[in-house]
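S.K.: quick one, fold the following:
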Amino acid sequence: MTVFHLLRHGEHNVQGRICAGRMPGIVLSERGRAEAEGAAARLAHAGIAAIYASPLERTRETAEIVGRRLALPVNVLDDLNELDFGEWTGKTFDEVRQDPRWPVWAAHRSLSCIPAGETMRAVQRRVVEALMEMREQHPDEAVVVISHGDVIRSALVFALGMPLDFYGRIEVATASLSTMRIDATGIRVIAVNERVTIA
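M.R.: This is a model prediction of the structure:
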């Protein structure tokens, strides 16, 4: 049985204002670093064997904080990267919502594509395949997977047997932990959106 602790990165420096996507230079805020420290403390006694992270700065920063606490190296994995927001990258969320193509994307994630970006189907395919590969490498261990809200949600809806269009029904807050396990009998979601309170 492989246990996956899916950890979203901590709050970043343009959180809630700009569609950061894969923009370079997006780093953790002071609060985000505190959130990552809280998550690391929570994972300290979980018997973690390995840490995997998206290549973006905010996830690698989060992973380094966790790695220091757990005394483990960080494995960077491209398949854990953020959804490619294409033309919407770097725009404010108000600007994105004014785009006439936004309502279709918001309502039908399973069928639509971000302009010049990525589909949620592609995101789900790559993250699920990455988890299956990790399971082969860690058949009886626990691992931490540090990624992004959309990526984690796509993995959770897969595990829950839900349509991609329901992905917005799952909350995945910054520095939250969602846990699933995979064994010979299938996938089971153990917890969703668990957080350490930061003052």
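S.K.: which secondary element of this structure has the worst mean pLDDT?
M.R.: helix 102-107 (a mean of 90; mean pLDDT, DSSP states H and E).
S.K.: in the protein, which strand is the longest?
M.R.: The strand that spans the most residues within the chain, counting by DSSP state E, is strand 186-194.
S.K.: and it, what does it pack against?
M.R.: Counting by 3 or more CB pairs under 8 Å, 6 or more residues apart in numbering; DSSP states H and E, the packing neighbours recorded for strand 186-194 are helix 149-160, strand 177-183. The way it works is simple: take the backbone N, C-alpha and C, and place the C-beta from them, glycine included.
S.K.: burial-wise, tell me which of these comes out on top.
M.R.: Highest mean neighbour count of the helices and strands packed on strand 186-194: helix 149-160, a mean of 23 (counted as mean count of other CB atoms under 10 Å).
S.K.: next one: Leu83 from Ala36, what distance?
M.R.: Here Leu83 is placed at a distance of 21 Å from Ala36 (CB to CB, to the nearest Å).
S.K.: hang on, the earlier thing: quick one: distance of the least confident helix or strand of the chain to the chain centre.
M.R.: From the chain centre to the centre of helix 102-107 is a distance of 21 Å (CA atoms, centre = their mean, to the nearest Å).
S.K.: residues in contact with that helix?
M.R.: Under the contact criterion CB atoms under 8 Å, 6 or more residues apart in numbering, helix 102-107 has outside partners 96, 112-114, 165.
S.K.: on that earlier part again, the more surrounded of Leu83 and Ala36?
M.R.: Neighbour count, other CB atoms under 10 Å: between Leu83 and Ala36, Ala36 has more, with 28 against 22.
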